[in-house]
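K.L.:
everything below, folded, please.
(chains A, B and C, ligands or ions: 2)
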Amino acid sequence: MANFVKRVIGAMKVPAEYLLQRPITIQYPDERMEVPEGYRGHPLYTLNHCTLCRACERACPVNCIEFNIETKSDGTKYLKGFYLDLGRCLFCGFCADACPTDCMIMGPKLELMEFERGELVYGIKKFQKLTKEVQPYIRPYYKRSHAVKPKNCIGCLICVMTCPVDAISEVTVDGKRTISVDPEVCAGCGHCVSNCPGGVLDLVEYRGGSK
Amino acid sequence: MSWYDSALLNPVYSKALEILSPLITETGAKVLLALIESFIIIMFVMINVLVVVYLERKLLGRMMNRRGPVYAGPPIVWGFFQAIADFLKLLTKEVFRPARADPLTYTAGPAIVVFAGLAIGLMVPFGEGLVGLRNEASLLYIIALASLEPLGVMLCGLSSNNKYSLIGGSRAAAQMISYELPAILVLVTTALLAGSIDVLGIAKAQDIWYIILLPLGFVIYLITVLAELERTPFDIPEAESELVAGFMTEYGGMYYGMLMAAHYIGVFVTACLAVAVFLGGYGFYGMEILQASIHPALFTIVTLVVFLIKVYAVIFLLIWIRAAYFRLRIDQLLELGWKRLFPLAIVNLFWAMGILFAMG
Amino acid sequence: MAEMWVNFGPQHPFTHGLWRLKVKVDGETVTDVEPTIGYLHRGVEKIAENRTWYQFIPYNDRLCYVASIAWSEGYIGAVEKLMDIEPPERAKYLRTISFELQRIASHFVWLAAYAIDLGNFTAMLFAVREREFILDLLSRLTGHRMTYNYPRFGGVARDAPIGWEDRVVRNLNRIERKMKDFIDLMTENETFLKRVQGVGVLPRNKAKAWGVTGPVARGSGLKTDVRYNDPYLLYEEIGFEPVVMKDGDCYSRYMVRMQEIFESINISRDLAEKMPSGDIQIKAPKKPPEGEVFNRVEVPRGEASYYIVSNGGNSPYRLKIRSPAYIHIQSTKVIMPGHNVADLPAILGSLDVCLGDTDR
Ligand code: SF4
Ligand code: SF4
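P.N.:
Residues are numbered from 1 along each chain as shown, chains lettered A, B, ... in the order given. Ligands and ions are numbered 1, 2, ... in the order given. Below is the predicted model of the structure:
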């Protein structure tokens, strides 16, 4: 009997407890949750350094990327149109993984609703606008990194010049000019990687001394 | 007796009668004023319903660790106008009737439910002299009207031509027979103690609140109130997880709004009744001294406030219960009603008789 | 009332997805049920034949979106078997932790749905609230909140951010502390126990005969759990022991899941505390060699298995998915008849079906 009363009254305890506490909800349009670092939003075609390799197009499981590439009379290619159908996109990130130049990235934007289905097909104009909008938020996923030991470094030192935090310095090994990277200073921006003409630099994960 | 007899409205009433009588004869003026009075009472109940809706949403929200309505409304009571916004939205929606529903009963159902709630409000003593309709047998009238509400629900369910509604309606009927008897027995017990079958008489007879004399009776009454209002844990006729919305499935627009309003009117008036019968009505300790020392109109307001405070305490309890419990099954309710509450109500009756003997 | 057929679904609050249960009711008693599925068929198995091995990974997430990592784990594990590769140690840890976190998240979704099925909103919101802390961990790890696309052939897509392990321990400690709310509100709540105890009994022999797996089978006293019978990832080292309850009613299925939440919390917390450093991905071949493979994993709902035939080409030649919920939906036919209409949500909720993987 005492047990029965406890089982009936006991449940009343929890709501009363919470009545006196602060609510945990976030009032969405006014307050927003922090988007975690490295969040994989929608694919964002930033147009920077696109080599028109179409690796993203091939990687996409749902064929939602469409390139319209035209060849000029002198043989150079140029991008006439680019369409990404976010209505079909799986937000899987394979396109960003496949892109060799980090031109296709997964942007941090969350709110993508449109009134019409057709407006979800993003073109070059829209991506240009979006890129400007999100530029301050674009960060590579790896917080800290150090460059892979350059095997085929030609010693042009472009990376030393581009590094905004002076993490790369010039060293001479066996009479050959090469570079050394201080991982503690490196901000992981990836500028050196995208500027390296030999393509020998790469970002790897660096987890500090212990782990 | 009416609200016009109270010290608050009496001066206004005589003034209005004086002005109107030459214009539309005395009878005409009286009829007009009576109409205005019923309008005042309905408005009073409806404003309280707004408060009840707000409290339910806000308190339930806080009990669930969320905020409840926030945007529509003035500062401090954020979200107070949410109910009005909802009402306006329902008002603008299309009123439709399923093609093969029975037109008469389909419309009559919500009307009956709303009417039953408002009509009970007429008989409740809200404060000194604030009784809309004084009757020597008002408890009987209230019991009769209270059983009208499930009838309306049943009509809604049976006339919608929908299987969910049908099951909901039949559940409402089954529910009614299970709680009705204990509820009436408990109310009769209080009448027995007070020696009156007038709600005002019962309220006034409580030198010691009946919740102290009859704790068992109050618990039984609370449970039957929950069953009568179809609130958790007895929201069986509308059980949204199996019956979609139960008897309300086919109702939309303002019909739905009426059913919702009726629910909250019911919450308010049954809480009023519980206060009048168990918590000493608008009475409080030291009432006589206060009455002698201040202006009668002011005293009426004080009693009204005291009454409302008690009512909202009961409503708080109802909201709290809603946050804590799960919905029972109809057979469990029947079992509870007949096998537990009914015998306990009889025990309660004997207990009251014992008190009567003890007090001589 | 005469016997009649009532459709529960395809659009109905009770179905937890898109399917239909035709229920033959005699008044309040269910005499027969007839589950109908196929409303959510997307042809996932056929899609697999037209995608490369790599491209099919995100589709597994969408089989059951509340347990997406668990399903991709099944596919990845199968293809890894075929390729005969083994992920590095750290990747195994990350995959096991995310797998168990996913189980907690999925069980919280079930808990929320179960609470609302039985008519309590508070427990539902609390469960959703606690799930948020798991989603926080997973979104930091994988970059998404729902369809993670995380495991890869021979590793994982990306490494845990710095400080993630501490966050896992912190959030799981919080959840463990807050599980007390559910114990007070559900496990020790009389109205809840009344609804689940002795309801929907699936005896041991019937459970075996109908081939149910997962918490449903373990609730009926069958000690089946792929993590225990056929360990994969790190479960061998952990020394995993499944939770088994004997009665086979809704209550024991409920208790199995509740204890599994605790178990998963312990497993992932322990693993997070001793996570090794190292590589997260080994280089996997582009496509597996010719052959066929059968792989099973314990997704939150039971035993999921993948049967894949490869002809050495770019995409699977044939891919067959076995869904646990498909069998559980069938078993409604044995469990439900003879119960009350109001018991249907209680039983179905305790089976925890997911239509995404049932219809595929
Ligand atoms: S995110 Fe995935 S689905 Fe979307 S465009 Fe990139 S590859 Fe295609
Ligand atoms: S993969 Fe990158 S570089 Fe290649 S076409 Fe796509 S966006 Fe341009």
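K.L.:
please make it C-alpha for all contacts and neighbour counts, starting now.
P.N.:
Noted.
K.L.:
now the residue in the stretch 101-250 of chain C that ligand 2 sits nearest to: phi and psi?
P.N.:
Among the residues of the stretch 101-250 of chain C, residue C:157 lies closest to ligand 2, at 17.9 Å counting by Cα to the nearest ligand atom. Per-residue torsions, residue C:157: phi -70, psi -40 (degrees, to the nearest 10).
K.L.:
what's near enough to touch the closest residue to it other than its chain neighbours?
P.N.:
Distances taken as Cα to Cα, 6 or more residues apart in numbering or on different chains put residue C:150 closest to residue C:157, at 5.3 Å, once the chain neighbours are dropped. By Cα atoms under 8 Å, 6 or more residues apart in numbering or on different chains, the residues touching residue C:150 are C:69, C:72, C:142, C:156-158.
K.L.:
what's the farthest-apart pair in those residues?
P.N.:
Farthest-apart pair in these is C:72 and C:158; separation 15.1 Å (Cα to Cα).
K.L.:
so the two - more neighbours on which side?
P.N.:
For residue C:72 versus residue C:158, the count of surrounding residues by other Cα atoms under 10 Å in any protein chain shown is larger for residue C:72: 28 against 19.
K.L.:
sorry, back to before: can I get the contacts of residue C:150 in CSV with secondary structure and distance to residue A:66?
P.N.:
Below are the contacts of residue C:150 laid out as CSV (DSSP: H, G, I helix; E, B strand; the rest coil; distance: Cα to Cα, whole Å):
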residue, secondary structure, distance to residue A:66
C:69, helix, 29
C:72, helix, 27
C:142, helix, 27
C:156, strand, 28
C:157, coil, 25
C:158, coil, 27
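K.L.:
count of neighbours near the residue in the stretch 101-250 of chain B positioned nearest to chain A?
P.N.:
Relative to chain A, the nearest point of the stretch 101-250 of chain B is residue B:233 (11.7 Å; Cα to the nearest Cα). A count of nearby residues for residue B:233, using other Cα under 10 Å, gives 24.
K.L.:
ok, residue A:29 next?
P.N.:
Neighbours of residue A:29 (other Cα under 10 Å): 6.
K.L.:
could you do residue B:308 as well?
P.N.:
Residue B:308, neighbours per other Cα under 10 Å, totals 21.
K.L.:
briefly note if the helix or strand where residue C:129 lies comes near ligand 1.
P.N.:
Using DSSP states H and E, residue C:129 falls within helix C:121-142. No. Between helix C:121-142 and ligand 1, judged by Cα under 6 Å from any ligand atom, nothing touches; the nearest distance is 13.7 Å.
K.L.:
for the record, mean pLDDT for that helix?
P.N.:
Helix C:121-142 comes out with an average pLDDT of 88.
K.L.:
alpha carbons only: can I get that helix in CSV?
P.N.:
Only the C-alpha atoms of helix C:121-142 are listed here, as CSV (Å, rounded to 0.1, in the frame of the first residue of the first chain):
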residue,chain,number,x,y,z
PHE,C,121,4.1,14.7,-23.0
THR,C,122,6.6,15.4,-20.2
ALA,C,123,8.6,12.2,-20.6
MET,C,124,8.6,12.6,-24.3
LEU,C,125,10.1,16.1,-24.1
PHE,C,126,12.7,14.9,-21.6
ALA,C,127,13.7,12.1,-23.9
VAL,C,128,14.1,14.4,-26.8
ARG,C,129,16.1,16.8,-24.5
GLU,C,130,18.5,14.1,-23.5
ARG,C,131,18.9,12.9,-27.1
GLU,C,132,20.1,16.4,-27.9
PHE,C,133,23.2,15.8,-25.9
ILE,C,134,24.0,12.7,-28.0
LEU,C,135,23.4,14.6,-31.2
ASP,C,136,25.7,17.2,-30.0
LEU,C,137,28.5,14.6,-29.7
LEU,C,138,27.7,13.0,-33.0
SER,C,139,27.5,16.3,-34.9
ARG,C,140,30.9,17.3,-33.5
LEU,C,141,32.3,14.0,-34.6
THR,C,142,30.7,13.6,-38.0
